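Peer 1: okay, predicted coordinates and the sequence, questions at the end:
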Amino acid sequence: YIVSGSEDKSLKLWDAHNGEELSVFSVQGHRNGVTSASFSPDGRRIVSGSYDNTLKLWDACGGEEQAGFNAVVHEFEARAVAISSDNRYVVSANGSAGTLKLWYLHTGSEASGFSCQERGCFVRSVGFSPDGRSIVSGGTENIPKLWNVGIGKELVVIFGAVDGHGVISVAISSDNRYIVFGKANGSVNRWCAGTSKEEEGFLGAGHTLCVTSLAISSDSRFIVSGSWDTTLKLWDVRTGREVPGFVGTGHGARVTAVAISSDNRYIVSGLFDGMLTLRDFRTGCAVASFPGRGHRHSIRSVSFSPCGRYIVSGGDDHRIIIWSLEYILGPVWLEEHLQSPLIVTAVWFPQTSLNYLEESRQGLIVRDRPLARCGECGKVFPVEEEWLGKEIRCPVEERDRRCNRLLKLNEFVAGYADHGGESLNSKSWGAQPCA
C-alpha cells in the first residue's frame, strides 16, 4: 500500500500493484491540509501531521481514526513525522516553532522528559536511526542535529555546517555510522558518528547548484546525489571521492528526487519536468525509459518498494504513480530479480523495543541476537553471527508457510547490544570504525 496526504485535508490509501484508490481516510479527520504521513514499519497503522496542529493515527486496513490517540502537537503546524522501527514512538517536527516532540504510538501521549527546541529554526525534516535510539533533524538554521530518544537532549550539533548555505537534503546510513547532507551551494558533506564536526571538504562542491536529494546504498558504501544542475553523482562514503566512470548526465531537467533499489542495482531519478529515469547503479547509464507521459509537473519524491519490484513517484500534479519494473524491464528481469538476493541489515534493538516487537507479533524475537527485517514478507527474524556478509533464505514461517526469499546480510550490525544495563559494542559482529 501507499498513503498520500493533501492540502485538501484528506489522506488516501492506494493499492501499490494497480494504483487503485482504496479509501479516503480523513474526510472528518484533519481540519486543515495534511503536511506529512508515514506507515508504521509493521504496516498496520498510519500517522499523519497537519496544519491544524495535530497528529492523527489511522488503521491502515479499515481507514478508521484510532480512538484515544490525542496528540495536539504544537502551537503551529506539524511539518514532518516519522515512526521508530520498533513501532513504539512517533516524532513530530514543528516547522515554524523549531520544536521536536516525541509521542507514544499507541496512545498519542507525549513521552515525558523529551524536549527539543531549535530556536529561530524552521525544521524541515526528521528521521529515526535504524536502531531507534537517535533522531536526526534538519532545517533552515543550516545545522543538522542528532538527538537522544531517551532523554531528548542534543547528542551532537554538527559544527561546520554554518557556512551560509542551507541544508536541503539529509540521509542516514543503515549502519548508523554516517549522516550525509546536501547544501544549497552544491556541496555534499558527511558527519561520522563519534565526532562533532562535519568532514571539511568531504565530497567537496561536486555540483554547481543545490543538492536536492540524497540516497545511501543499503550496504552504506555509496551515496547518490541529485542536483538542480541536472546531474547525478556517485560517491564512495569512506574515501569521499567521486566514483570514476559513473555517467550521471543526460537529464533534460533539474533532478528533484533520487532513490536506490534495495539490491543496489538501480537508481531512479525524478525530474523537474515530471519525467523519471532508471539508471544502472554502477555505471549511471540509462537502462530503460518509463512508458507514457507520467507526471505533468515536477516530481517531489521517488521510492523503491522493499521487495524491489515497484517504484512509486509523487508530483506537483497531485498524482501518485506506481511503476512496475516487470512491465518496464520485461518478464526476464523478474525471473532474474527473484533469484537475486534482497540486501538487509541486522540491527541491535534496545530491550524496550524488543518488548514491543514481541508484543505486536512482528516476527520471531530472540533477545541475545540482532534482528533483520525481510523486504518480501516484512517480518523480523534473529540473525546469527556467521550469517553476516552471506546469502540466506528468509527463515520466517507464518501459517505453516515459509517466506524463503533469498536475502543477503550486510557485513555490519547497526546499533549495539544491551545486556544487564551494560552497552556492548558490536565490534565482534562486523562493526568497523569510521574511515
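Peer 2: Okay, I see it.

Peer 1: how much space between residue 191 and residue 136?
Peer 2: 9 Å (CB to CB, to the nearest Å). To be clear about C-beta, it is placed using only N, CA and C from the backbone, and glycine gets the same treatment.

Peer 1: quick one: which of the two has more around it?
Peer 2: Each of residue 191 and residue 136 has its neighbours counted (other CB atoms under 10 Å); residue 191 has more, 27 against 23.

Peer 1: for the stretch 1-150 of the chain, give me the ranges with low pLDDT.
Peer 2: 16-19, 25-29, 42, 62, 68, 70-79, 94-98, 112-124, 138-148, 150 (pLDDT under 70).

Peer 1: run the last query once more with 50
Peer 2: Applying pLDDT under 50 to the stretch 1-150 of the chain picks out residues 113, 142.

Peer 1: need the helices for it, in chain order.
Peer 2: Using DSSP state H, counting those that start in this stretch, no helices are found in the stretch 1-150 of the chain.

Peer 1: now swap in the stretch 301-435 of the chain and tell me
Peer 2: 325-329, 331-339, 351-359.

Peer 1: out of these, the one nearest residue 255 is which?
Peer 2: helix 325-329 (19.2 Å; CB to CB).

Peer 1: just checking, what packs against the closest one?
Peer 2: Packing contacts for helix 325-329, counted by 3 or more CB pairs under 8 Å, 6 or more residues apart in numbering; DSSP states H and E, involve strand 286-289, helix 331-339.

Peer 1: deepest-packed of these, please.
Peer 2: Stretch with highest mean neighbour count among the helices and strands packed on helix 325-329: strand 286-289 (a mean of 14; mean count of other CB atoms under 10 Å).

Peer 1: paired strands for that one, with orientation please.
Peer 2: On the basis of DSSP bridges, the sheet neighbours of strand 286-289 come out as strand 276-280 (antiparallel).

Peer 1: got a list of contacts for the strand it pairs with?
Peer 2: Applying CB atoms under 8 Å, 6 or more residues apart in numbering, the external contacts of strand 276-280 come out as 232, 248, 250-251, 265-271, 285-290, 294, 299, 302, 311, 313, 323, 328.

Peer 1: apply 10 Å and report the result again.
Peer 2: Strand 276-280 has contacts (CB atoms under 10 Å, 6 or more residues apart in numbering) with 224, 232, 234, 246-248, 250-252, 255, 257-258, 261, 265-271, 285-290, 294-295, 299, 302, 311, 313, 315, 321, 323, 325, 328-329.

Peer 1: those in strands, which ones?
Peer 2: Among the contacts of strand 276-280, the members falling in strands (DSSP state E) are 224, 232, 234, 255, 257-258, 266-271, 286-289, 299, 302, 311, 313, 315, 321, 323.

Peer 1: for the chain, which strand is longest?
Peer 2: Every strand in the chain considered (DSSP E), the longest is strand 406-414.

Peer 1: angle of that one against helix 331-339?
Peer 2: Interaxial angle, strand 406-414 versus helix 331-339 (axes from the mean of the first three to the mean of the last three CA atoms, to 10 degrees): 50 degrees.

Peer 1: next, the buried residues of strand 406-414.
Peer 2: 407, 408, 409, 410, 411, 412, 413, 414 (16 or more other CB atoms under 10 Å).

Peer 1: likewise stretch 275-286?
Peer 2: For stretch 275-286, the neighbour count (16+ other CB under 10 Å) marks 275, 276, 277, 278, 279, 281, 284 as buried.

Peer 1: for the record, mean pLDDT for the longest strand of the chain?
Peer 2: On average, the pLDDT along strand 406-414 is 89.

Peer 1: coming back round to it: can you add distance to residue 110 and give the helices and strands packed on helix 325-329 back as CSV?
Peer 2: Below are these laid out as CSV (distance: least, CB to CB, whole Å):
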stretch, distance to residue 110
strand 286-289, 47
helix 331-339, 44
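
Peer 1: relative to residue 59, which of these is closest?
Peer 2: Minimum separation from residue 59 across the helices and strands packed on helix 325-329 (CB to CB) falls at helix 331-339, 31.7 Å.

Peer 1: who touches the closest one?
Peer 2: So helix 331-339 is contacted by 261, 263, 265, 287-288, 307-309, 324-327, 329-330, 376, 405-406 (CB under 10 Å, 6+ apart).

Peer 1: off-centre distance for stretch 207-218?
Peer 2: 14 Å (CA atoms, centre = their mean, to the nearest Å).

Peer 1: swap in stretch 212-221?
Peer 2: 10 Å.

Peer 1: and it, end to end?
Peer 2: 20 Å (CA to CA, to the nearest Å).

Peer 1: ok, stretch 31-45 next?
Peer 2: Start-to-end, stretch 31-45 (CA to CA) is 20 Å.

Peer 1: what's around residue 182, how many residues?
Peer 2: By other CB under 10 Å, neighbour count at residue 182 equals 28.

Peer 1: so who does it touch?
Peer 2: With contact taken as CB under 10 Å, 6+ apart, residue 182 is in contact with 165-171, 188-189, 203, 206-207, 210-214, 223, 225-227.

Peer 1: one more pass at 7 Å, please.
Peer 2: By CB atoms under 7 Å, 6 or more residues apart in numbering, the contact set of residue 182 is 168, 169, 188, 211, 214, 225.

Peer 1: give the buried subset of the ones in strands among the contacts of strand 276-280 as a PyMOL selection command.
Peer 2: Of these, the buried ones can be selected in PyMOL as follows, counting by 16+ other CB under 10 Å:
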select buried, resi 224+232+234+255+257+258+266+267+268+269+270+271+287+288+299+302+311+313+315+321+323
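
Peer 1: about what we covered before: which one of the buried residues of strand 406-414 is nearest residue 41?
Peer 2: residue 414 (14.3 Å).

Peer 1: list the beta-bridge partners for that closest one.
Peer 2: Beta-bridge partners of residue 414, as defined by DSSP bridges: residue 347.

Peer 1: gap between the residue nearest to residue 22 when sequence neighbours are not counted and residue 316?
Peer 2: Computed as CB to CB, 6 or more residues apart in numbering, the closest residue to residue 22 that is not its neighbour in sequence is residue 13, at 4.6 Å. From residue 13 across to residue 316, the span is 21 Å (CB to CB).

Peer 1: likewise residue 290?
Peer 2: 17 Å.

Peer 1: what's the burial count for residue 348?
Peer 2: Applying other CB under 10 Å, we find 26 residues neighbouring residue 348.

Peer 1: same thing with the one 3 residues further on?
Peer 2: Neighbouring residues of residue 351 were enumerated by other CB under 10 Å; the total is 13.

Peer 1: measure it to residue 33 for me?
Peer 2: Taking CB to CB, one finds residue 351 at 39 Å from residue 33.

Peer 1: and if you look at residue 247?
Peer 2: 40 Å.

Peer 1: for residue 365, same thing?
Peer 2: Residue 365 is 39 Å from residue 33, by CB to CB.
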